[in-house]
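[1] The following block contains a protein sequence and its predicted model.
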Amino acid sequence: MYTRPFAYSPIRLFAYSPIRLFAYSPIRLFAYSHILKGVLVPKKQFVSDLTTGDRVDSFFVLTEKKLLDYKSKPGQFLSLILSDRTGSVEGKVWERAAEMSAELNEGDLLYIVGRLETYRQSPQLKIETLETADASQVELGDFTVATNRDIGELKSIVRQCLDGFTSPHLKNLTASLFSDEGFFEQFSAAPAAKALHHAYLGGLLEHIAEVIELCEPMLRLYPQIDRDLLMTGVLLHDIGKIRELSWGLHTEYTDEGRLLGHISIGYEMIYEKIRQINGFPESLKNRVLHMILSHHGVYEFGSPRRPKTIEAQALHLVENLDAQLKGFVQTIEGVRDPAQRWTDFNRRFDRYLYTGYGDEWECPDEDEDEGGSEDGTLFEMQSR
Ligand SMILES: [Fe+2]
Ligand SMILES: [Fe+2]
């Protein structure tokens, strides 16, 4: 196989271009001196702090790359989405775009120098120099978003759920997966999605722990639901995501994930475990696997079956409730400008969402007469 010498790669050439001799810049030396000492290079700028006109000189993760044709002349340019834990910004490379594109991969850590400009009212980073960097040079937490709940606490919710089984078959099945430390670690680290809901490290564990908690009042109201069966579905319905997604600096679908999807992958994982358990009843196997295959509720959302048992319907409703509400919360909390009362148009929900920022109204003071008082307490919606 022919491998192009690094010295001639477009990125390297770009680095030596007259625009800027990055290799000889003090930043490069600074970075090297820290690598030699085994010290991480601090990230100096975050996306959320950038304003138009700012000189940009920092690390970002490449989360999306598109090579596009110029509309008014021959040739191509490169559109890059550059991210850190605070958000994303679009960057453009105008020179040697095709060569550069061939050298870059989504998930790469990049050291970018440029200037933030505004184009059609959106921020756009004009990239002057760009160089790939080693992820071991930086603090990964500067680039990734993780659950803000305590992982140990979330794990103990799952463990308590596992301890609560009375059916020996279902206890056996769930324990056969979660007693595998490697599996539990992956399950606890994985995001629940690339973008839709709980799309951050630890998001899958958070989602499952929340669904477990949401099930409690439902089980009290509906004694017809078999608790062990429902909880088996809750714990296992999304386990295929640990193979559907890859995560780290950047979350992406694996080839297996794109080709099979987490429902099929999860079905296979659970089927295989059931097959290894002696005497697992056939009817119970069908009920468990049915919950996995139907948990998205409808064919349009990838479920090959629609829920046909009370536990499958309960699982679908409650896990969808958690996913939908979390999607709303994340969309609204993604708006950082306290003056922005509406989100941008959200394609997932097919609507603008109301942030309510700045809303306030008077509440009657509890100590006052029923009619309330003119100087009642002010309650601000934005204090969240
Ligand atoms: Fe799912
Ligand atoms: Fe789910």
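    Structure's in. What do you need? None of the values given here were measured: they were computed from a predicted structure. Residues are numbered from 1 along each chain as shown. Ligands and ions are numbered 1, 2, ... in the order given.

[2] If you count neighbours, what's buried in stretch 179-194?
    184, 186-194 (16 or more other C-beta atoms under 10 Å). No exception for glycine: its C-beta is placed from N, CA and C like everyone else's.

[3] ok, and of these, which contact ligand 2?
    Applying C-beta under 5 Å from the ion, the subset of the buried residues of stretch 179-194 adjacent to ligand 2 is empty.

[4] Closest one to ligand 2 out of these, please.
    Nearest to ligand 2 among those: residue 192, at 6.7 Å, using C-beta to the ion.

[5] Now that closest one. Its backbone dihedrals?
    phi -90, psi -10 (degrees, to the nearest 10).

[6] For the closest residue to it other than its chain neighbours, give me its contacts.
    Leaving aside its chain neighbours, residue 192 sits nearest to residue 198 (3.5 Å; criterion: C-beta to C-beta, 6 or more residues apart in numbering). By C-beta atoms under 8 Å, 6 or more residues apart in numbering, the residues touching residue 198 are 147, 191-192, 204, 206-207, 323, 326.

[7] Help me confirm that residue 198 is found in a helix?
    No. Counting by DSSP: H, G, I helix; E, B strand; the rest coil, residue 198 is not found in a helix; it is coil.

[8] Just the contacts of residue 198: which are in strands?
    Residues of these located in strands (DSSP state E): none.

[9] Next up, phi/psi of residue 159, please.
    Dihedral angles (degrees, to the nearest 10) for residue 159: phi -60, psi -40.

[10] Could you do the one 10 residues further on as well?
    Residue 169 adopts backbone torsions of phi -70, psi -50, taken as degrees, to the nearest 10.

[11] What is the most widely separated pair among the contacts of residue 198?
    147 and 323 (14.7 Å; C-beta to C-beta).

[12] now the strands for the stretch 151-300 of the chain?
    245-246, 252-253 (DSSP state E, counting those that start in this stretch).

[13] element containing the closest residue to residue 293 other than its chain neighbours?
    Excluding the flanking residues, the one nearest residue 293 by C-beta to C-beta, 6+ apart is residue 305, at 4.4 Å. If you go by DSSP states H and E, residue 305 is not part of any helix or strand.

[14] confidence score at residue 305?
    At residue 305, the pLDDT value in this model is 96.

[15] again with residue 269
    At residue 269, the pLDDT recorded in the model is 98.

[16] Show the contacting residues for the closest residue to it other than its chain neighbours.
    Computed as C-beta to C-beta, 6+ apart, the closest residue to residue 269 that is not its neighbour in sequence is residue 239, at 5.9 Å. The contact partners of residue 239, taken as C-beta under 8 Å, 6+ apart, are 177, 187, 262, 266, 269-270.

[17] picking up where we left off before, torsion angles phi and psi at the residue nearest to residue 293?
    According to degrees, to the nearest 10, residue 305 has phi -130, psi 150.

[18] Restricting to C-alpha, output stretch 352-365 in CSV.
    The C-alpha coordinates for stretch 352-365 follow below in CSV (Å, rounded to 0.1, in the frame of the first residue of the first chain):
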residue,chain,number,x,y,z
TYR,A,352,-39.8,26.7,17.8
LEU,A,353,-39.7,26.1,21.6
TYR,A,354,-40.4,28.8,24.1
THR,A,355,-37.6,29.4,26.5
GLY,A,356,-39.6,31.7,28.7
TYR,A,357,-36.5,33.7,29.5
GLY,A,358,-37.4,37.0,31.1
ASP,A,359,-41.0,36.0,31.9
GLU,A,360,-42.1,37.1,35.3
TRP,A,361,-45.4,37.6,37.0
GLU,A,362,-46.8,38.4,40.3
CYS,A,363,-47.9,35.7,42.7
PRO,A,364,-50.1,36.4,45.7
ASP,A,365,-48.3,36.4,49.0
